[in-house]
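**Student:** A structural model of the following input is requested.
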Amino acid sequence: MKAWRLQRLGGELRFSDVRTPEPRPGSALVRIEASALMSYLKAYVEGKLPLYNPPPGPFTIGTNGVGVVEAVGREVWHLKPGQRVVLSSHFAAAENVEDPAQILIGLTSSLDAAQVLADWPDGTLAEYALMPVAALTPADGLEEFDSTQLVTIGRFIIPFGGLLRGRLAAGETLVVNGATGAYGTAAVLLGCAMGAAQVIAAGRKGEALEAVARAGGPRVSTVTLTGDVRKDASALRETAGGGAHLAFDMVGQARDSKATLAALHSLRRGGRLVLMGSMTTDLPIPYTTLMQNNWEIIGQFMYPATAYRRLLDLLRSGLLDISAIRPRVYPLAALPEAMEAAASAGNLECIVMQP
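**Tutor:** The predicted structure is shown next:
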């Protein structure tokens with residue numbers, strides 16, 4: 001089969017002929033129909049993201065995807081050949097321990113999970129991928145979506161994990177900070193799908209916020225942030241009719257905490273703030289204010305294994321509309337060009353590779 005193999009971060013990336021893997025216990029071989037690119041894949045490949053810990057030795061890159069089960073190994077009882085599945089890069093060890101190791105297949109792991117990533121190094125930018133079955137979710141009943149559209153669901157799964165952890169309930173008001181980013185835009189659309197009475201899209205680009213609001217519909221309002229924490233928090237609270245129940249922070253590579261603090265101070269008493277972004281500075285917490293308002297601050301990494309099933313149920317039911325995210329499709333051989341496109345793609349675009 002053909003696969004994009006990376007020697008090491010910053011090393012040679014080559015479109016290679018490699019042996020198609022054989023299923024092993026607890027795994028399935030999946031014929032890839034579509035794989036979505038991360039916006040930062042080019043920087044990752046070039047070794048410009050030093051916090052990432054890749055698999056040892058050459059490996060196939062690529063994260064989430066959609067495909068069809070080709071074969072299964074022993075100890076697989078539910079997935080069947082011919083079944084369409086969604087592939088998740090996030091995988092947690094299945095052992096019955098208090099803190100199972102977690103990895104992102106084809107991408108990175110924490111240092112204490114390096115052994116797991118060494119066992120499952122290879123991702124989705126190939127004609128076939130061998131995956132642990134815990135990272136596969138059946139996509140039955142979604143035949144109306146071709147794979148290049150369905151693979152954009154990977155844009156939604158990360159913020160969905162955060163909104164689940166934040167206990168977003170129908171009828172609540174949600175503030176999304178960083179709403180003009182790829183994942184922030186998905187969080188706005190998810191908030192509507194999950195029944196939020198009002199979703200406030202917050203960010204610093206007014207025109208982009210309006211595009212998100214049009215995609216989300218009449219329950220979405222916008223607040224253009226100024227960088228003045230007190231002023232921005234006041235604007236968010238006013239738009240929320242007195243304060244939000246939940247604030248979701250998905251700001252990428254922020255160099256100051258002003259927007260996140262404004263989101264925190266937009267909360268009503270008993271409100272929750274979920275942190276899933278990648279801010280590069282510390283968040284100064286107002287101890288007394290936090291205590292007096294019964295606020296919660298929740299950090300969340302990725303999503304539980306059950307989240308993809310629930311997310312696909314939202315899609316099947318018609319509650320979640322993913323049509324606002326437009327796939328731009330490239331052939332698998334055109335990865336260098338596609339990585340350039342992903343780095344500059346808009347928040348309502350998704351760069352998709354198709355073998």
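
**Student:** Please enumerate the strands of the stretch 151-300 of the chain.
**Tutor:** 173-177, 198-203, 220-224, 244-249, 267-275, 296-299 (DSSP state E, counting those that start in this stretch).

**Student:** Mind putting those into JSON lines with distance to residue 115, mean pLDDT and mean neighbour count?
**Tutor:** In this view, the C-beta of every residue, glycine as well, is placed from N, C-alpha and C. Output for these, formatted as JSON lines (distance: least, C-beta to C-beta, whole Å; pLDDT from 0 to 100; neighbours: other C-beta atoms under 10 Å):
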{"stretch": "strand 173-177", "distance to residue 115": "36", "mean pLDDT": "98", "mean neighbour count": "31"}
{"stretch": "strand 198-203", "distance to residue 115": "40", "mean pLDDT": "98", "mean neighbour count": "27"}
{"stretch": "strand 220-224", "distance to residue 115": "44", "mean pLDDT": "98", "mean neighbour count": "21"}
{"stretch": "strand 244-249", "distance to residue 115": "32", "mean pLDDT": "98", "mean neighbour count": "28"}
{"stretch": "strand 267-275", "distance to residue 115": "28", "mean pLDDT": "98", "mean neighbour count": "21"}
{"stretch": "strand 296-299", "distance to residue 115": "25", "mean pLDDT": "98", "mean neighbour count": "14"}
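
**Student:** need those strands in TSV with distance to residue 6, can you?
**Tutor:** Formatted as TSV, the strands of the stretch 151-300 of the chain follow (distance: least, C-beta to C-beta, whole Å):
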stretch	distance to residue 6
strand 173-177	33
strand 198-203	33
strand 220-224	39
strand 244-249	31
strand 267-275	30
strand 296-299	29
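
**Student:** Tell me which of the ones you listed sits nearest to residue 57.
**Tutor:** strand 296-299 (32.0 Å; C-beta to C-beta).

**Student:** Check which helices and strands the next helix or strand after that closest one sits against.
**Tutor:** Proceeding N to C from strand 296-299, the next assigned helix or strand is helix 307-317, under DSSP states H and E. Using 3 or more C-beta pairs under 8 Å, 6 or more residues apart in numbering; DSSP states H and E, the elements in contact with helix 307-317 are strand 136-138, helix 154-165.

**Student:** Now tell me what touches helix 307-317 from outside.
**Tutor:** With C-beta atoms under 8 Å, 6 or more residues apart in numbering as the test, helix 307-317 has contacts from 86, 88, 137, 139, 141-142, 145, 153, 156-157, 160-161, 164, 190, 193-194, 320, 322.

**Student:** And it, what's buried?
**Tutor:** Buried residues in helix 307-317, defined by neighbour count with 16 or more other C-beta atoms under 10 Å: 307-308, 311-312, 314-315.

**Student:** same question, stretch 141-152
**Tutor:** 142, 145, 147-152.

**Student:** CA atoms only for it, dumped as PDB, please.
**Tutor:** These are the backbone C-alpha positions of stretch 141-152, laid out as PDB (Å, rounded to 0.1, in the frame of the first residue of the first chain):
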ATOM      1  CA  GLY A 141     -27.100   4.900   9.300                       C
ATOM      2  CA  LEU A 142     -25.100   7.800   7.800                       C
ATOM      3  CA  GLU A 143     -25.200   6.700   4.200                       C
ATOM      4  CA  GLU A 144     -26.400  10.200   3.100                       C
ATOM      5  CA  PHE A 145     -23.000  11.600   4.000                       C
ATOM      6  CA  ASP A 146     -20.100  10.700   1.600                       C
ATOM      7  CA  SER A 147     -16.800  10.100   3.400                       C
ATOM      8  CA  THR A 148     -15.300  13.500   2.500                       C
ATOM      9  CA  GLN A 149     -18.100  15.200   4.300                       C
ATOM     10  CA  LEU A 150     -18.400  12.800   7.200                       C
ATOM     11  CA  VAL A 151     -14.700  13.100   8.000                       C
ATOM     12  CA  THR A 152     -15.300  16.700   9.000                       C
END
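
**Student:** if I look at the one residue sitting closest to the centre of the chain, how far off is residue 248?
**Tutor:** For the chain, residue 158 is the residue whose C-alpha lies nearest the centre (C-alpha atoms, centre = their mean; 3.2 Å). Look at residue 158 and residue 248: by C-beta to C-beta, to the nearest Å, they are 11 Å apart.

**Student:** how about the helices in the stretch 101-250 of the chain?
**Tutor:** Secondary structure of the stretch 101-250 of the chain, counting by DSSP state H, counting those that start in this stretch: helices at 114-119, 147-150, 154-165, 182-193, 206-216, 229-239.

**Student:** Could you identify which of the ones you listed is most buried?
**Tutor:** helix 182-193 (a mean of 27; mean count of other C-beta atoms under 10 Å).
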